[in-house]
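Visitor: From the sequence below, what's the structure:
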Amino acid sequence: MQKTKIAITFGTLLTASTLSNAFIIDGIFNSILNGINLWTSTINTVTNNFIPGEKASTYACVSDINGTGSCKKEIFSSTPVTGNYAATKYPLVLAHGLFGFGSIGPINYFHGIPADLASQGAKVYTSTVAAAQSDQFRGEQLLAQVKEIQAITGSAKVNLIGHSQGVQTVRYVAGVRPDLVASVTGIGGSNKGSDIADIMQTYVRDPLSPLGGDLLLGAAIGFVTGFESVLAGGAYHKQDVLSALDGLTASGANAFNQKFPAGIPLKSCDTTLSPRASNGVSYYSWTGTKPGTAPDLTMTASIILGKLIKGESDGIVPKCSAHLGQVIRDNYPQNHFDEVNQVMGIVDRLSPAGDPVPLYRAHANRLKNAGF
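Guide: Have a look, this model is predicted:
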C-alpha cells in the first residue's frame, strides 16, 4: 500500500501518548495513514486597503527544494472585509510549529485566524516550511518566503508571528535579517526549552532507555519516528526529526539563544522587558497555562503531558519558556492546541480569553497602533 503523505502538529503527534491503550493509538495511526492527504501549500489571506464589500484575496506560499520562496494566489473563502481594525502597516506572516501543515482537509493550522484578520483589513500570509527540521533550516525557508512576500507587496518589512517551534523560526529570520522585520510575536514558544522535547529526544535516541517501560510515552515516540519516512515525501526534500527536537530541548534552546539573544529575558521568568530590542525589532509573546480546557483529545493530551513539566505550562511548553520581549499575558486559559484554535475551533469559549481568535485580532491592532 502506498503511504499517504501527511503533516500534523507537534501537539497532534503527542496526543497519541495520552490515549488509554496501544490499540487505540494504532487505530488512530492507521486511520491517519489511510484517510489524510498532505496539502503541501498553505492558504494565505491578503487584503489591501479597506473597501466596503471587498473580498479577502488569498495566496499560498511555499519553498521549493532549492530554497526559493514562491506565493501563488488561490481561493480561500468569500470572507468580506468589514473594517480596518487589524490593518497593520506591514504584512502579517504566520509560521507553524514542528510537524506543522498548511491544511489537512478542512483543518488549517491557524484555524480561522487568517480569515478573521483579513476581515478586519490585515494582510496575512501563512507560511509553509519543512515539517521537521532544524531552526536554521526552517528559518532559511521562511526567509525566502519573506523576500517573496516583500516582492509581491512592495513592503519594506513584515510582522512575524510564530507558534511552537515556529517561534524559533521567526526569531531566526529576525536574527539574520533584522532589516526585513518590524516585529516578532511568539505564541507558546519553547524559547528556553521544553521538558517534553527532552523526554522525546531520549526515546528517539535510545528506545531501550529506562523510560521505555512507559507504554503510552513509548507509543507516542514510535508514532513520531514512524512518520519520518512519510514526511520525507511531499513538498520538502529533507526532514530531520532529531534536529528539530534538539532545538526544542533546554540545551538546544540555550545554544540558539546564544546566537539570537534578542527578546530573551536575562532573569528567569521575567515579564518586564520592553518590546524593542537592540536589533531594532520589537518582540512580543503570550501563552496559555490551562492544559485542561475544551473536552477533546488535545485536552487529555495536555493534561497528561503537562504533568511531566515542572511548573505551569500549556501542556507542551513551560510558561516561563514562552516569555519573549513584552509578555502580553502568560496565563491564558488555553492549552498548546487552543493557542492556534485547534482542534477546528474546539476551545474553552466559556472562560474569558479562552477563544484565541480575538487575541490575534487585538494583537494586530496593537501592532497597527505601534506603527507596524
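Visitor: Strands along the stretch 51-200 of the chain, start to end?
Guide: Under the criterion DSSP state E, counting those that start in this stretch, the stretch 51-200 of the chain contains strands at 57-63, 69-74, 92-95, 103-104, 107-108, 124-126, 158-163, 181-187.
Visitor: Mean pLDDT and distance to Ile316 for those - can I get that in CSV?
Guide: To be clear about C-beta, it is placed using only N, CA and C from the backbone, and glycine gets the same treatment. CSV is the format used below for the strands of the stretch 51-200 of the chain (pLDDT from 0 to 100; distance: least, Cβ to Cβ, whole Å):
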stretch, mean pLDDT, distance to Ile316
strand 57-63, 72, 26
strand 69-74, 74, 28
strand 92-95, 94, 17
strand 103-104, 54, 19
strand 107-108, 68, 18
strand 124-126, 90, 21
strand 158-163, 98, 11
strand 181-187, 99, 12
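Visitor: May I see the ones you listed organised as CSV, with distance to Pro261 and mean neighbour count added?
Guide: Listed next are the strands of the stretch 51-200 of the chain as CSV, based on distance: least, Cβ to Cβ, whole Å; neighbours: other Cβ atoms under 10 Å:
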stretch, distance to Pro261, mean neighbour count
strand 57-63, 26, 23
strand 69-74, 27, 16
strand 92-95, 20, 30
strand 103-104, 35, 20
strand 107-108, 33, 22
strand 124-126, 27, 28
strand 158-163, 17, 29
strand 181-187, 13, 29
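Visitor: in stretch 253-264, what's buried?
Guide: Neighbour-count burial for stretch 253-264, counted by 16 or more other Cβ atoms under 10 Å, picks out Ala253, Phe256, Asn257, Phe260, Ala262, Gly263, Ile264.
Visitor: Excluding covalently adjacent residues, which one is nearest to the fourth one?
Guide: Translated: Phe260. Leaving aside its chain neighbours, Phe260 sits nearest to Gly175 (3.7 Å; criterion: Cβ to Cβ, 6 or more residues apart in numbering).
Visitor: Model confidence score at that neighbour, please.
Guide: Gly175 is assigned a predicted lDDT (pLDDT) of 98.
Visitor: now Phe23
Guide: 31.
Visitor: swap in Leu216?
Guide: Reported pLDDT at Leu216 in the predicted model: 56.
Visitor: do Ile221 as well
Guide: Looking at Ile221, its pLDDT reads 46.
Visitor: Repeat that for Val347.
Guide: For Val347, the predicted pLDDT is 82.
Visitor: and what of Lys89?
Guide: Residue-level confidence at Lys89 comes out at 97, pLDDT.
Visitor: just Ala56 next, same as before
Guide: As predicted, Ala56 sits at a pLDDT of 68.
Visitor: hmm, back to that, any idea how far the residue nearest to Phe260 is from Lys157?
Guide: 15 Å (Cβ to Cβ, to the nearest Å).
Visitor: before we move on, what about Ala182?
Guide: According to Cβ to Cβ, Ala182 stands 4 Å off from Lys157.
Visitor: Now list whatever residues contact both of the two.
Guide: Common neighbours of Ala182 and Lys157, using Cβ atoms under 8 Å, 6 or more residues apart in numbering, are Tyr90, Phe372.
Visitor: Packing partners of the helix ranked longest in the chain?
Guide: Longest helix in the chain, counting residues (DSSP state H): helix 135-153. Using 3 or more Cβ pairs under 8 Å, 6 or more residues apart in numbering; DSSP states H and E as the contact criterion, the secondary-structure elements in contact with helix 135-153 are strand 57-63, strand 69-74, strand 92-95, strand 158-163, helix 165-176.
Visitor: Mind listing the strands the third one pairs with, and their directions?
Guide: Taking DSSP bridges as the criterion, strand 92-95 sits next to strand 124-126 (parallel), strand 158-163 (parallel) in its sheet.
Visitor: Make a markdown table out of these and add distance to Val327.
Guide: As requested, those are arranged in a markdown table below (distance: least, Cβ to Cβ, whole Å):
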| stretch | distance to Val327 |
| --- | --- |
| strand 124-126 | 23 |
| strand 158-163 | 15 |
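Visitor: Show me the one of the ones you listed that comes nearest Gln326.
Guide: strand 158-163 (14.0 Å; Cβ to Cβ).
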